[in-house]
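Asks: what follows is a protein structure lacking sequence information:
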């Protein structure tokens, strides 16, 4: 189940592999220009992920509502046992937090997918490749944390 | 000179492709099929795929005593060759029949002309399939021994190779050719064992 940006990342990584941007460039190589077919491959993958994502969001909302209703039912059912009621309430609250965090990630993925699927078809293949490659490496960089500082220049480097 | 044992402090590496953000941006601004232009994601991608490996490499070989010259221009390349080192390694990008330097591309004959006629060391060409340059060196600089790879090269693998090579040379008991041979055979042996 796609609980994070795994879906979108795997689609974009497959595209980057296809256009040769997912590995360091060779020293005598001229990169091939991304083609319309590559772009169509990417857009199709993103649309498929978006459809899947929409279904997952519905499932997440249903689970959220079900947990809330179950919690409300149990709280009423155990209204005469405050200790049990407190435990049920606490457990329910924690479960809801997990679902909300999951929904937040799905919402972020949905926004990104909506943006990319709206933007990419109108761009030339080369520009689309630039946008997607930049986005992918920026997001990798954000996940990695602040950039490592340039190490102290070795004494003999001129 | 090629028959003498070589130690890393008798070697110098010159790098024509960018190794810093400023050099990367300057290369992009200059344009024209340079190594930096191959990275569609700009500096962040370049740093992720190349610079981090470069940093690791320099941190690994600088203590061995290898001299590293970054932002290599054709003029600096010439001064590297004039230093009297046994081995000069040129690490750069090859495009068509020219080599990338920090100040622009230089055609293979221009590069060969830059080699001082009195240079009798080893010029190790860490660029992809520079066949035209090698032929020109053989023709015009017979005293210079050129080593090259007639195939396309992944720079990250090249860095690992050189790092291992300099570690071998640190022992001071091998000529450059012997160290190259030993390392290559070792790698081929590893590869064969893995296949089996």
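Replies: Cool, got the structure. Everything numeric in this text was worked out from a predicted model, so none of it was measured.
Asks: what is the neighbour count of the nearest residue to residue B:35 once chain neighbours are set aside?
Replies: Counting by C-beta to C-beta, 6 or more residues apart in numbering or on different chains, residue B:93 is the residue found nearest to residue B:35 once chain neighbours are left out, at 3.8 Å. C-beta coordinates here come from the backbone N, C-alpha and C atoms, glycine included. A count of nearby residues for residue B:93, using other C-beta atoms under 10 Å in any protein chain shown, gives 28.
Asks: what of residue B:178?
Replies: Around residue B:178 sit 15 other residues, with neighbours defined as other C-beta under 10 Å.
Asks: and the helix or strand encompassing it, what's buried?
Replies: In the assignment (DSSP states H and E), residue B:178 maps to helix B:176-195. When neighbours are counted by 16 or more other C-beta atoms under 10 Å in any protein chain shown, the buried residues of helix B:176-195 are found to be B:176, B:179, B:180, B:183.
Asks: hmm, residue A:45 and residue A:117 touching each other?
Replies: No. In this structure, residue A:117 sits apart from residue A:45 without contact. The criterion is C-beta atoms under 8 Å, and the distance is 10.1 Å.
Asks: and the top helix by length along chain A with chain B, contact?
Replies: What stands out as the longest helix in chain A, according to DSSP state H, is helix A:36-77. No. Contact between helix A:36-77 and chain B, assessed by C-beta under 8 Å from any C-beta of the partner chain, is absent, since the two come no nearer than 11.8 Å.
Asks: for the residue of chain A found nearest chain B, helix, strand, or coil?
Replies: When C-beta to the nearest C-beta is the measure, chain A has its nearest residue to chain B at residue A:28, with 2.3 Å between them. When states are read from DSSP: H, G, I helix; E, B strand; the rest coil, the local structure at residue A:28 comes out as coil.
Asks: quick one: mean pLDDT for stretch A:121-131?
Replies: Confidence over stretch A:121-131, taken as the mean pLDDT, stands at 94.
Asks: how far off centre is it?
Replies: If you compare the mean C-alpha spot of stretch A:121-131 with that of the full chain, they lie 20 Å apart, counting by C-alpha atoms, centre = their mean, to the nearest Å.
Asks: the residue in chain B positioned nearest to chain A: what's it in contact with?
Replies: Among the residues of chain B, residue B:128 lies closest to chain A, at 2.3 Å counting by C-beta to the nearest C-beta. Shown here is residue B:128, whose contacts under the criterion C-beta atoms under 8 Å, 6 or more residues apart in numbering or on different chains are A:26, A:27, A:28, A:29, B:93, B:94, B:149, B:151, B:152, B:153.
Asks: do you know how far the residue nearest the centre of chain B is from residue B:57?
Replies: In chain B, the residue lying closest to the centroid (C-alpha atoms, centre = their mean) is residue B:91, at 2.6 Å. Note on residue B:91: its distance to residue B:57, by C-beta to C-beta, to the nearest Å, is 10 Å.
Asks: check residue B:46 too.
Replies: Looking at residue B:46 against residue B:57, where the rule is C-beta to C-beta, the gap reads 15 Å.
Asks: chain neighbours aside, what residue packs nearest to residue 100?
Replies: Answering for chain A, as no chain was given. residue A:64 (7.4 Å).
Asks: hmm, no, I was thinking of chain B.
Replies: Looking at residue B:100 with C-beta to C-beta, 6+ apart, the closest residue is residue B:93, at 4.1 Å.
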